[in-house]
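Student: Quick one, what's the 3D model for this:
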Amino acid sequence: MGKKGLLERLREGPFIGDGSYVFNMEKRGYVMAGQWTPEVVVEHPEAVKQLHREFLRAGADVLQAYTFFASDDKLNLPGHAAGKITTCKELNERAIDIAREVAGDADVLISGGVTMTPSYKQGLGKEAVQSEYRKHVEVFMEKDVDFILAEFINQVEEAEWAIEMLKTTGKPVACTLCIGPTGDYSDVPAGECA
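Tutor: Okay, here's the model as predicted:
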């Protein structure tokens, strides 16, 4: 009998996610506040493995590959050194390999994640934004993650574009928004964001 997937686990009851890689790595001195790009996956993989181990021991049902802000457009923003060190593809490959290595035989799922892109903020349009997500997805499919998470997206329109693109994979897709009581960053009311 194979491992239960995300949707089956959700039907059975609570599903425990892992914690915040960004803030934990920042507190440990591995990522720079404000930029939060995950080059730590390349520069200090043992630190990422240790954090995965901690989440696994704490009872997480998923280990999310540390791919937050790993899009090429984010890695190559002015003032970011990450684009000189790695690419979206390389970073995603390593992040998934690290998560899978730590998971070993544990009954946990491996997820790949995407988040908001500078291409959206720069107004480059749906095609450019989805192109950035597609770079992630190519690796997620090659590495056969169990599901894909679009996380911490603060514009509902970008979240919709992300979900639309991610659903083309046939993998389960989850999404979290970064909105407040009044809505998203474009003033779309919270009720309409839902």
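Student: where along this protein do the strands fall?
Tutor: Using DSSP state E, the strands found in the chain span residues 62-64, 109-114, 147-153, 173-177.
Student: tell me which helix or strand of this protein sits lowest on mean pLDDT?
Tutor: helix 82-85 (a mean of 84; mean pLDDT, DSSP states H and E).
Student: partner residues bridging residue 147?
Tutor: Under DSSP bridges, the beta-bridge partners of residue 147 are residue 111.
Student: just checking, it touches residue 109?
Tutor: Yes: using C-beta atoms under 8 Å, residue 147 is in contact with residue 109, at 6.5 Å. Placement of C-beta: from N, CA and C, glycine included.
Student: what residues are shared contacts of those two?
Tutor: Applying C-beta atoms under 8 Å, 6 or more residues apart in numbering, one finds that residue 147 and residue 109 are jointly contacted by 5-6.
Student: check contacts around the most centrally placed residue in the chain.
Tutor: By C-alpha atoms, centre = their mean, the chain has its centre lying nearest to residue 113, at 2.1 Å. Under the criterion of C-beta under 8 Å, 6+ apart, the contact partners of residue 113 comprise 64-65, 67-68, 148-151.
Student: Could you find the lowest-pLDDT member of those residues?
Tutor: In terms of pLDDT, the lowest of the contacts of residue 113 is residue 68, showing 89.
Student: Would you quantify the distance from the closest residue to residue 135 other than its chain neighbours to residue 55?
Tutor: Excluding the flanking residues, the one nearest residue 135 by C-beta to C-beta, 6 or more residues apart in numbering is residue 88, at 4.7 Å. To residue 55, residue 88 is 23 Å away according to C-beta to C-beta, to the nearest Å.
Student: ok so, going back, would you reformat the strands of the chain as TSV and include distance to residue 183?
Tutor: Below are the strands of the chain laid out as TSV (distance: least, C-beta to C-beta, whole Å):
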stretch	distance to residue 183
strand 62-64	26
strand 109-114	22
strand 147-153	13
strand 173-177	10
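Student: Residue 84 is nearest to which of those?
Tutor: Taking C-beta to C-beta, strand 109-114 is the member of the strands of the chain nearest to residue 84, at 21.9 Å.
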